[in-house]
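> got a predicted model here, sequence first, then my questions.
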Amino acid sequence: MKRLAPTVTGIAAVLLSMPLATGCGVITADGPDAASTRTTQGASGTPGIDYEARAEAARAEHDRTFPTVAKICADAPAEPSAEPTPSEEPTDPWARRVAENNAYKTQARMDGDARCRGDAHARRITGGLEGVHDEKALRAALDRLGYPPASVEVYDTGVATGFTFSIPHAGPCVTGTLTAPAQVEAHGHYIEGGCREPKGGH
């Protein structure tokens, strides 16, 4: 056992000199009294995702694809979102239950910039659908306007042909019907996912 003591001590010294790894990052220290520093790396050692940079890149791509819309919103005065403030939870038990059952219809809130872009796209699309009455012509018209036909969901509303899709690169959603004239509006994505109002919730 006396022969093993130096070996064990040596291993301990090596282990104590190594950086301490955690699931949330890597902690390093210059000495016993040095403050530990946590990096933004994940357990695999790769940098974390910069979602803000991704959003900026998406907006830049949107502006290159739709320069007219970009100019409209760049020149528009900065205004707070026009989204309504959520009301307080109903005190009546039945009303509260109804609200809970319809929560799946909730849309993501849009900030002022998203609202400006969405409304500008809605007006642009409305003008481009003049004289369009069927699905084939609808997809062709949207394609000419720069909206990929493959991303457009078309359905029958029971009154007219309906459609919805997410604006490429920057969102939000636009939903419309081929009435005369076409009705198109911008809105946030549903919390259940997608741009079309879900038929039922969880």
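Yes, it's here.

> can we go C-alpha only for contacts and neighbour counts from here?
Noted.

> how about low-confidence regions in this structure?
Applying pLDDT under 70 to the chain flags residues 1-47, 77-105, 200-202.

> show me the strands in it, by range?
20-22, 25-28, 37-38, 153-156, 161-166, 173-177, 183-187 (DSSP state E).

> so what's the closest residue in space to residue 174 that isn't next to it in sequence up against?
Leaving aside its sequence neighbours, residue 174 sits nearest to residue 186 (Cα to Cα, 6 or more residues apart in numbering; 4.4 Å). Residues near residue 186 by Cα atoms under 8 Å, 6 or more residues apart in numbering: 115, 118, 119, 121, 122, 172, 173, 174, 175.

> my read is that the fifth one contacts residue 187, right?
No: counting by Cα atoms under 8 Å, residue 187 is not a contact partner of residue 122; they are 9.9 Å apart.

> between these two, what contacts are shared?
Counting by Cα under 8 Å, 6+ apart, the residues touching both residue 122 and residue 187 are residue 174.

> residue boundaries of the helices in the protein?
Taking DSSP state H, the helices of the chain run over residues 4-17, 51-65, 67-75, 93-101, 112-128, 135-145.

> what residues does the third one touch?
To tie it back to what came earlier, the one meant is helix 67-75. Against helix 67-75 from outside (Cα under 8 Å, 6+ apart): 62, 63, 113, 116, 117, 120, 121.

> residue 135 and residue 146: what is the separation?
Residue 135 sits at a distance of 17 Å from residue 146 (criterion: Cα to Cα, to the nearest Å).

> who has more neighbours out of the two?
Between residue 135 and residue 146, residue 135 has the larger neighbour count (other Cα atoms under 10 Å), namely 16 against 12.

> who touches the more buried one in this structure?
By Cα under 8 Å, 6+ apart, the residues touching residue 135 are 154, 161.

> let's go with 10 Å and repeat that
By Cα atoms under 10 Å, 6 or more residues apart in numbering, the contact set of residue 135 is 141, 154, 155, 156, 161, 162, 163, 178.

> just residue 134 next, same as before
Residue 134 touches 160, 161, 162, 178, counting by Cα under 10 Å, 6+ apart.
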